[in-house]
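Participant: predicted structure and sequence below. I'll ask about it afterward.
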Amino acid sequence: MIDSHAHLTYKAYRKDLRAVLERAREAGVTAIVNASFDLPSSEAAVRLVENHDNIHVAVGVHPHDAKALNLDVLNTLEELADHPGVVAIGEIGLDFYRDLSPRRTQEDAFRLQIGLAKNLNLPIIIHDRDAHQRTMHILKDEKVSRGVLHCFSGDLNLARQGVELGLYISFAGPITYNGKKAQEILKWIPEDRILIETDCPYLTPVPYRGKRNEPAHVKYVLKRVAEFLEKPAEEVDRLTEKNTRTLFNLPD
Ligand code: NI
């Protein structure tokens, strides 16, 4: 399994990252893609990749921090992305649920970082919370064709539009809470576009809901996706791992 979206630089793991990574390895996690959310976490991500095998990282500024994205920051992200362990720009996008940066500022930061990803020939990791229509509008307007709609929370129609653009759709812990909508999407979605993730330390899947999340728990997301697809977990494991390696151009 690959956890296609984790936040290992969070202070939640400051004390026991080594044990967390060991549990992931024991659970069968072969690689982790670590997503960033601001400049310090992007710098920390690059340090992380230097100290661990099988961790790959994205650098970028989350919509919550969009107001911190200026040209200096953009240039620094570009320099960081020079590191061979950087496989994507993210997470970037729009968050109209918490609105921690003005919406106009979020949109500017999103478009600037899409431009950066295109210049660097990297895929993007897209955060979209309560901003489905606007996110899709920008993705189409900017002609984005490489990326993932992470922790997908939209409906079938939105998933269709994403897949038409060439994007992947990633599922996280919430599909173990209820998942009716995800089930409908999974029945339709082309198999070669499905990813799984934890988004840890958040969104812990059942049966650990309420506790801190970690990459080892991606197995519960995998199990749920396999149930919805009515396929053996081993098959969905191979499939999602291959998809993740393809999107982020990871070595086998
Ligand atoms: Ni995230």
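Facilitator: Cool, the structure landed.

Participant: and G28, how far is that from I185?
Facilitator: 25 Å (CB to CB, to the nearest Å). In short, each C-beta sits where N, CA and C put it, glycine included.

Participant: whoops, I mixed them up, E214
Facilitator: Distance from E214 to I185, by CB to CB: 26 Å.

Participant: between these two, which has more neighbouring residues?
Facilitator: Neighbours per residue (other CB atoms under 10 Å) separate E214 from I185, with E214 holding more: 26 against 23.

Participant: list the contacts of the more buried one.
Facilitator: Neighbour list for E214: 6, 13, 20, 23-24, 198, 200-201 [criterion: CB atoms under 8 Å, 6 or more residues apart in numbering].

Participant: please list the outside residues in contact with stretch 139-152.
Facilitator: Residues from elsewhere that reach stretch 139-152 (CB under 8 Å, 6+ apart): 4-5, 35, 88, 90-91, 111, 114-115, 117, 122-128, 158-159, 161-162, 165-172, 174, 182, 185, 195, 197, 199, 203, 247.

Participant: on that earlier part again, wait, which of the contacts of E214 is closest to E241?
Facilitator: When the contacts of E214 are compared for distance to E241 (CB to CB), A24 wins out at 13.8 Å.

Participant: which of the three states applies to that closest one?
Facilitator: Per DSSP: H, G, I helix; E, B strand; the rest coil, the secondary structure class of A24 is helix.

Participant: contacts only, for the closest residue to it other than its chain neighbours.
Facilitator: Nearest non-adjacent residue to A24, counting by CB to CB, 6 or more residues apart in numbering: P215, 4.0 Å away. The contact partners of P215, by CB under 8 Å, 6+ apart, come to 3, 6, 8, 20-21, 23-24, 27, 29, 32, 198, 200.

Participant: got a pLDDT number for P215?
Facilitator: In this model, P215 is scored at 98, pLDDT.

Participant: returning to that earlier point: in helices only, show me the contacts of E214.
Facilitator: Under the assignment DSSP state H, these contribute 20, 23-24 to helices.

Participant: filter those to the buried ones?
Facilitator: Taking 16 or more other CB atoms under 10 Å as the criterion, what is buried in the ones in helices among the contacts of E214 is 20, 24.

Participant: the strands in the stretch 151-252 of the chain, which residues?
Facilitator: Ranges of strands within the stretch 151-252 of the chain are 168-171, 194-196, based on DSSP state E, counting those that start in this stretch.

Participant: how about the closest residue to L69 other than its chain neighbours, secondary structure?
Facilitator: Spatial nearest neighbour of L69, excluding adjacent residues (CB to CB, 6+ apart): A109 at 4.2 Å. Under three-state DSSP, A109 falls in the helix class.
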